[in-house]
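Visitor: fold the following and give me the result.
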Amino acid sequence: MRFSSRTSFAGGNPSEFSRLLDLKKKEEQPLWDLTESNPTRCGFSSLDLKLLEPFSDPHNLIYAPDPQGLLEAREAVCAYYADKKIAVSPDRVFLTSGTSEAYTFLFHLLADPGDEVLCVSPGYPLFEHLASMADINLHRLQTSHRRGWALEAGQVEKSRTVKTKALILVNPNNPTGHYPQMSEGPLPLISDEVFLDFNLTGANPKSAASLTDTLTFTLSGISKILGSPQMKLSWIIVNGPDELCREACRRLEVIADAYLSVNTPSQRALGVWLEHRMLFIEEARRRILTNLKVLGRAVEDLDAELLKPQGGWYAVLRLQGALHDEQAAMHLLQKMNVLVHPGFFFDFEEENMLVLSLLPAENVFSQGVGRLCEGLQAERADIKVK
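Guide: From the prediction side, this is the model:
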């Protein structure tokens, strides 16, 4: 029997790093996981039983499907953007069960099999899988910290072909935390803004939902805004030229009607949840900034550079000298029981990057960073001896 090539990425042997991680998880020893990015496992006090109170509404027992999502939930999304001084019509809002589903909808909307979309590297590796399952190709545009993670002038146009149907920007980028230039152009734009509210500089970053000249699809949801990925509710905002928006919405409605995947209780709770979103956002931001300071102080004596993020909840360490990202990550896991992401996971141009989540509880993060520094110093000393 032959399976579909859409899931060909599921085959092959796991990497040496993956095999070591599996072994470590089976051992009965503490593991300092500096990749943990699931808010529900990071001990936030704002994630309490009050989130469940809207579920007692008896209207949750009534199924009244709408391809775009319940009107009251879409109006709650509009109110969220109104707080950002952006006018959004509920007719331009589509609810999905997550941003992965949102990407699937948009790939089906914009691209035929064999077409391609552009996205930026370094970046989240899930895009390759989503593109493969939609029978389209993904072409990555490489950026570097030397250029401030910015795309070069003309880089999109040089990479564009007749089969290029959209450009994906993550705003701010995962994992570099930089905010991309929201310039309008000929390609439809998909702006993933799940981390937009986690600004670390005090600035008010621009949302693509404010663009008017380019057909734009802005993605976000409560996975990050409320720290509640288990509630499974995200959205797509359609904006740009009116005629293109109307046609895009008409076609998106057909796609969404084939799924009807968003659960009713979360839709009915969304208004209450978004009204209280700042409780989690501010608590998470305080922790992110605290952990970022701890990391910055800890690496001062290391031959490493902290590439400070502007937003989001990840940090990138650039190793100096002969250390390689996978080599360093393997050593930290093997010798120190510390888990970090090697940079190749995010397709960095350079092979000396490590990625850490800034979301773990402060005591866990501080202990883990201490062990990380000890492990990197030992590994560097060992290399010098050799």
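
Visitor: which residues of the stretch 51-200 of the chain fall in helices?
Guide: 71-82, 99-110, 126-133, 155-159 (DSSP state H, counting those that start in this stretch).

Visitor: and these: which comes nearest residue 290?
Guide: Of all the helices of the stretch 51-200 of the chain, it is helix 71-82 that lies closest to residue 290, at 26.4 Å by C-beta to C-beta. The way it works is simple: take the backbone N, C-alpha and C, and place the C-beta from them, glycine included.

Visitor: for that closest one, which helices and strands make contact with it?
Guide: strand 93-96, strand 234-239, helix 264-275 (3 or more C-beta pairs under 8 Å, 6 or more residues apart in numbering; DSSP states H and E).

Visitor: so where's this structure shaky on pLDDT?
Guide: 11-12, 380-386 (pLDDT under 70).

Visitor: circling back: can you add mean neighbour count and distance to residue 112 and give the helices and strands packed on helix 71-82 back as TSV?
Guide: Converted to TSV, those look like this (neighbours: other C-beta atoms under 10 Å; distance: least, C-beta to C-beta, whole Å):
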stretch	mean neighbour count	distance to residue 112
strand 93-96	24	21
strand 234-239	26	20
helix 264-275	19	31
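
Visitor: dump these into JSON lines; add distance to residue 216 as well.
Guide: JSON lines is the format used below for the helices and strands packed on helix 71-82 (distance: least, C-beta to C-beta, whole Å):
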{"stretch": "strand 93-96", "distance to residue 216": "13"}
{"stretch": "strand 234-239", "distance to residue 216": "5"}
{"stretch": "helix 264-275", "distance to residue 216": "21"}
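
Visitor: which one of the ones you listed lies nearest to residue 337?
Guide: Per C-beta to C-beta, nearest to residue 337 of the helices and strands packed on helix 71-82: strand 234-239, 34.5 Å.

Visitor: CA atoms of that closest one as PDB?
Guide: Extracted in PDB, the C-alpha atoms of strand 234-239 (Å, rounded to 0.1, in the frame of the first residue of the first chain):
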ATOM      1  CA  SER A 234      -8.500  31.700  16.500                       C
ATOM      2  CA  TRP A 235      -9.500  34.100  13.700                       C
ATOM      3  CA  ILE A 236      -8.800  35.500  10.300                       C
ATOM      4  CA  ILE A 237      -9.300  39.200   9.600                       C
ATOM      5  CA  VAL A 238      -9.800  40.000   5.900                       C
ATOM      6  CA  ASN A 239      -8.800  43.500   4.800                       C
END
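
Visitor: that one packs against which elements?
Guide: So strand 234-239, by 3+ C-beta pairs under 8 Å, 6+ apart, packs with helix 71-82, strand 93-96, helix 99-110, strand 216-221, helix 242-257.

Visitor: just these: most buried one?
Guide: strand 216-221 (a mean of 26; mean count of other C-beta atoms under 10 Å).

Visitor: quick one: list the elements packing against the following helix or strand past it.
Guide: Proceeding N to C from strand 216-221, the next assigned helix or strand is helix 222-225, under DSSP states H and E. Helix 222-225 sits against helix 264-275, helix 277-298, with contacts defined as 3+ C-beta pairs under 8 Å, 6+ apart.

Visitor: of those, which is nearest residue 139?
Guide: Here helix 277-298 is closest among the helices and strands packed on helix 222-225 (C-beta to C-beta), at 31.5 Å.

Visitor: follow-up on the earlier one: got a markdown table for the helices and strands packed on strand 234-239, with distance to residue 176 too?
Guide: Below are the helices and strands packed on strand 234-239 laid out as a markdown table (distance: least, C-beta to C-beta, whole Å):
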| stretch | distance to residue 176 |
| --- | --- |
| helix 71-82 | 25 |
| strand 93-96 | 26 |
| helix 99-110 | 18 |
| strand 216-221 | 18 |
| helix 242-257 | 30 |
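
Visitor: nearest to residue 265, of those?
Guide: Going by C-beta to C-beta, the one of those nearest residue 265 is helix 71-82, 10.8 Å.

Visitor: any idea how far residue 282 is from the closest residue to residue 283 other than its chain neighbours?
Guide: Using C-beta to C-beta, 6 or more residues apart in numbering and skipping residues adjacent in sequence, the residue nearest residue 283 is residue 46, 4.9 Å away. Going from residue 46 to residue 282 by C-beta to C-beta, to the nearest Å gives 8 Å.
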